[in-house]
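[1] A predicted structure for the sequence below; I have some questions about it.
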Amino acid sequence: MSEAAKEPRWERRKQDRPQELLAAALQLFVERGFAATRLEDVAARAGVSKGTLYLYFENKESLFKSVVRANMLPLLAEAEAMVDGYAGSSADLLRELITGWWDTAARSGLNGISKLMVAESGNFPELARFYHDEVIVRSDAMIVRMLERGMARGEFRTVDAHTMKKVIVAPVVMLMLWDQSFGPCSIVPIDPQAYLACLIDLCINGLKA
């Protein structure tokens, strides 16, 4: 038997609890928003007591920050590593960044975090600053490096990379918001793949030297 199999079930469960709580919190934050999510509901969905939740997280704010750090920062790290070590063309890099981010975010439910931040940042400015500093700043810097790479290699024409990154990101954010708002209601559905193909075509042809 493996060492893990020899361990009592409750010991293995205890090690899994933080991740189970984070998964439950992500689901509820996306479904209900930050304000309407209660810690007791997170604990119940994870199958633990509210007191157990407090063993790992001080309050709802720290729980939300942990959800973002556990789910979004690894994706950013992967994208940053791709930009820094990519061997292909900058057009292909741009394409992989956009489609890869969407595929992962849509599959994991992280699209809902963007909707949550847009909807509730005014009521929770501390969380908005946190999200800006830990997610948006890194994401923007990564896209700027991608654009500067293309210009340095002569593949992209000279542009203001810091402004252009906002132009590239905005349609992706719009798709995430639509997917979480109107998508479930089947109101004017958007085909994400067709939408992103058009966006990528527009970006590449607008940037190419």
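    Perfect, I can see it now.

[2] For the helix or strand I168 falls within, list every residue counted as buried.
    Following DSSP states H and E, one finds I168 within helix 161-181. By neighbour count on 16 or more other C-beta atoms under 10 Å, the buried set for helix 161-181 is 161, 164-165, 168-169, 171-172, 175-180. (Glycine included, C-beta is placed from N, CA and C.)

[3] Then stretch 56-75?
    57, 60, 63-68, 71-72, 75.

[4] Tell me how far it lies from the chain's centre.
    Chain-centre distance of stretch 56-75: 12 Å, with C-alpha atoms, centre = their mean, to the nearest Å.

[5] ditto for stretch 200-209
    Its chain's C-alpha centre and that of stretch 200-209 lie 24 Å apart, by C-alpha atoms, centre = their mean.

[6] likewise stretch 34-51?
    Remark: stretch 34-51 is offset 22 Å from the chain centroid, using C-alpha atoms, centre = their mean.

[7] Okay, helices next: where are they in this protein?
    Assigned by DSSP state H, the chain shows helices spanning 3-6, 9-32, 39-46, 50-56, 60-71, 73-85, 90-108, 111-120, 125-131, 137-152, 161-181, 192-207.

[8] Throw those helices into CSV and include mean pLDDT, thanks.
    Output for the helices of the chain, formatted as CSV (pLDDT from 0 to 100):
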stretch, mean pLDDT
helix 3-6, 48
helix 9-32, 79
helix 39-46, 95
helix 50-56, 93
helix 60-71, 94
helix 73-85, 94
helix 90-108, 90
helix 111-120, 84
helix 125-131, 93
helix 137-152, 97
helix 161-181, 91
helix 192-207, 96
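
[9] related to what we said a few turns ago, pull the most distant pair out of the buried residues of stretch 56-75.
    Spanning the widest gap among these are K60 and L75, at 22.9 Å by C-beta to C-beta.

[10] Quickly note the distance from S108 to L75.
    Using C-beta to C-beta, to the nearest Å, S108 is found at 8 Å from L75.

[11] let me redo that: L116
    Distance of L116 to L75, computed by C-beta to C-beta: 17 Å.

[12] Walk me through the domains of the chain.
    Domain assignment of the chain by automatic domain parsing yields the ranges 3-66, 72-207.

[13] Was I right to think F130 contacts K65?
    Yes - counting by C-beta atoms under 8 Å, F130 does reach K65; the two are 5.9 Å apart.

[14] What is the helix holding I168 packed up against?
    Secondary-structure packing of helix 161-181 (3 or more C-beta pairs under 8 Å, 6 or more residues apart in numbering; DSSP states H and E): helix 90-108, helix 111-120, helix 137-152, helix 192-207.
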